[in-house]
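>>> generate coordinates for the sequence data below:
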Amino acid sequence: MLEPSNNNELPVIPGKRYFTIGEVAELCEVKPHVLRYWEQEFPSLNPVKRRGNRRYYQRQDVVLIRQIRSLLYQQGFTIGGARQRLEGESSKEEQTPYKQLIEQTISELEGIITLLDKE
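The predicted model follows:
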């Protein structure tokens with residue numbers, strides 16, 4: 001399987017609340033063991049764990065995984081460098097009061113696109 005040259009070629013994230021590790025692996029085109037490893041290396045990546053220690057990722061987790069993937073695979077960062085870059089960005093994001101509204105709007109628009117594609 002060929003790796004996409006950038007995250008714009010990855011599948012659209014469906015408008016669901018939770019995703020299994022298998023779904024996230026497909027959406028981000030990385031293997032599940034890579035996701036489990038990244039959870040150890042990136043403290044901000046912390047999926048909900050439920051019955052039997054099963055992981056359930058939320059939309060912001062999928063977006064974060066795509067950022068990590070881009071930093072490591074496309075931009076050539078090391079794990080440590082990618083972690084520092086994300087920590088720097090998260091402090092900037094906390095200052096953005098409309099971040100949650102923007103994410104919700106994007107999610108709704110993607111849902112509309114999905115509905116239109118079915119017709």
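
>>> what are the buried residues along the top strand by length along the chain?
Taking DSSP state E as the criterion, the chain has its longest strand at strand 54-58. The neighbour-count check on strand 54-58 (16 or more other C-beta atoms under 10 Å) flags Arg55, Tyr56, Tyr57 as buried. C-beta here means a position set from N, CA and C on the backbone, and glycine is covered the same way.

>>> and if you look at stretch 72-85?
Buried residues in stretch 72-85 (16+ other C-beta under 10 Å): Leu72, Tyr73, Phe77, Ala82, Arg83.

>>> from Leu86, how far off is Ser70?
From Ser70 across to Leu86, the span is 11 Å (C-beta to C-beta, to the nearest Å).

>>> I meant Ser44, not that one.
According to C-beta to C-beta, Ser44 stands 6 Å off from Leu86.

>>> list the residues that contact both of the two?
Leu64 (C-beta atoms under 8 Å, 6 or more residues apart in numbering).

>>> middle-most residue in the protein, spatially?
The centroid of the chain falls nearest to Val62 when counting by C-alpha atoms, centre = their mean (2.0 Å).

>>> what secondary structure does that one sit in?
The three-state label given to Val62 by DSSP: H, G, I helix; E, B strand; the rest coil is helix.

>>> so how far is Ser44 from it?
13 Å.

>>> likewise for Arg69?
Distance from Arg69 to Ser44, by C-beta to C-beta: 14 Å.

>>> who's more crowded, those two?
Arg69 (22 against 15; other C-beta atoms under 10 Å).

>>> and the more buried one, what element?
Here Arg69, judged by DSSP states H and E, is contained in helix 59-69.
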